[in-house]
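>>> The sequence and its predicted three-dimensional model are supplied below.
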Amino acid sequence: MSTVVFAVGARPNFVKMAPVVEAARRRGLFRRLVVHTGQHYDERLSSEVLDDLGFPRPDRFLGIGSGSHGEQTGFTLVAFERVLLDERPDLVVVSGDVNATLACALAGAKLGVPVAHVESGLRSGDWTMPEEQNRVLTDRLSDLLFTHSPEAEENLLAEGIDGSRIHYVGNTMIDTLRRLERTARERAVWARLGAEEGFYALVTLHRPSNVDAEDRLRRIVDALVALGGRTRILFPIHPRTRTRLAAGDGLERLESAGVTCLEPLGYLDFLSLQSAAGTIVTDSGGVQEEASALGVPCFTLRANTERPITISLGTNTLIGDDPAAISDVPTPSGFGAPCAIPLWDGKAAERVVDVLEAALVQSKAPIASSA
Ligand code: UD1
């Protein structure tokens, strides 16, 4: 029986990979090994999200943790290579664009193990983003490339990637959303926080380019304080952002302006808040997609997006790079209209596993016997 390793490391990976692992489990046609690199390790960023998703307990936990990009990528490469040498799998599956994604794809490619990449072909054109470097390099290393939108396929073809390796399957992150949407709404987390459905802004900000520089973060706080003057704001704060805010007076200023500052939330609680928000303000990639699938207007604090389909067919608007633009986002005023993006239909993971099965039947690539 073939062995397939599913590699995950950070919060968004869990959401994108969960339905793929589950679809593979249901079909039972190959041995599955789940490896968690440990890039995210906090209860709130990892365990709680994995529990919410019903993600299987990882077979191997590499404990990589925090560090510089080079350290995270390098330590994961070494540790994951050892897993591959022990297990001699027939295929490695990675997802998304975090450091764990690139490191695991590189380990596979160096040992001659075929690599499959879920969420291929996204491009922001901004080479200063660590995620953009991870996307381009992971795609170059991958044998099977799973895309979620026609633009992604065009990007890959333009980079000279052979079209026969590209499979337009849709969005596995939205599979997870569709599966858990009802459970999340039943939690009504907004009501527990005393917010009114359709009439609050949900804010998430964690990108280093937004939160690491003191001056920029201060201007973001100024803009949130201004927005908070005309609407209720709920702000679950990523650990990176909280550390930076706590280094100055950002948290106190937000709280005294009535902004509800929360710890990072599990998947279900966050989806609950997204589903009933009147407006979302974010710099996350995944949230642009989830807001679009839910039909909630989303305002993204970035000059570009690697997910243009969320603008053309979804609810996303780029407000550019200037934090002051946050103070001008429209006041939340009720419910958006659900939108339908082709193949964001809850069945993308089944299509991924169809392709994996066919590929495993066709080829049995040998793994190098030693490093
Ligand atoms: C990573 C991804 C980003 C993704 C985000 C989702 C990369 C390059 N970036 O960014 O694309 O959108 O995850 O959350 O891979 N920390 C904790 N506990 C944890 C993990 C991190 O406190 O469990 C803190 C540490 O101070 C750490 C910092 O958060 O240094 C940043 O974590 P890291 O994994 O380096 O990147 P993210 O900003 O989370």
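Nice, I can see it. Residues are numbered from 1 along each chain as shown.
>>> ranges for the helices of the stretch 51-200 of the chain?
Assigned by DSSP state H, counting those that start in this stretch, the stretch 51-200 of the chain shows helices spanning 69-87, 99-110, 130-141, 150-158, 172-187, 189-192.
>>> Now do the buried residues in the shortest one.
Read that as helix 189-192. Within helix 189-192, the residues that qualify as buried are 189-190, counting by 16 or more other Cβ atoms under 10 Å. Where you see a C-beta, it was placed from the backbone N, CA and C, and this is true even at glycine.
>>> now check the next helix or strand after it, is it near the ligand?
Following helix 189-192 in sequence order, the next helix or strand is strand 200-204 (DSSP states H and E). No: shown here: strand 200-204 not in contact with the ligand (Cβ under 6 Å from any ligand atom), separated by at least 9.2 Å.
>>> ditto for stretch 224-239
Yes: judged by Cβ under 6 Å from any ligand atom, stretch 224-239 comes into contact with the ligand at 238-239.
>>> Tell me how far that stretch lies from the chain's centre.
Centroid separation between stretch 224-239 and its chain, computed with Cα atoms, centre = their mean, to the nearest Å, is 22 Å.
>>> Looking at the helices of the stretch 51-200 of the chain, spot the one closest to Leu224.
With Cβ to Cβ as the criterion, Leu224 lies closest to helix 189-192 of the helices of the stretch 51-200 of the chain, at 18.1 Å.
>>> average pLDDT for that closest one?
If you average the pLDDT over helix 189-192, you get 98.
>>> now do stretch 310-330
pLDDT averaged over stretch 310-330 gives 96.
>>> So for it, first residue to last residue, what's the gap.
18 Å (Cα to Cα, to the nearest Å).
>>> Next, the residues that contact it from outside, please.
Here stretch 310-330 makes contact (Cβ atoms under 8 Å, 6 or more residues apart in numbering) with 201, 210, 216, 219-220, 222-224, 226-227, 279, 281, 288-289, 291-293, 295-305, 307, 336, 339-341.
>>> List only those of these flagged as buried.
By 16+ other Cβ under 10 Å, the contacts of stretch 310-330 give 201, 210, 216, 219-220, 222-224, 227, 279, 281, 288-289, 291-293, 295-302, 304-305, 307, 336, 339, 341 as buried.
>>> At which residues are the strands of the chain located?
Ranges of strands in the chain, per DSSP state E, are 3-8, 31-36, 60-61, 91-95, 115-118, 144-147, 166-168, 200-204, 232-236, 260-262, 279-282, 298-300, 316-318.
>>> highest average neighbour count across the ones you listed?
Most buried of those, by mean neighbour count (mean count of other Cβ atoms under 10 Å): strand 91-95, with a mean of 29.
>>> What lies in contact with that strand?
By Cβ under 8 Å, 6+ apart, strand 91-95 touches 2-8, 12-13, 16-17, 20, 84, 100-101, 104-105, 107-108, 113-119, 138, 142, 172, 356, 359-360.
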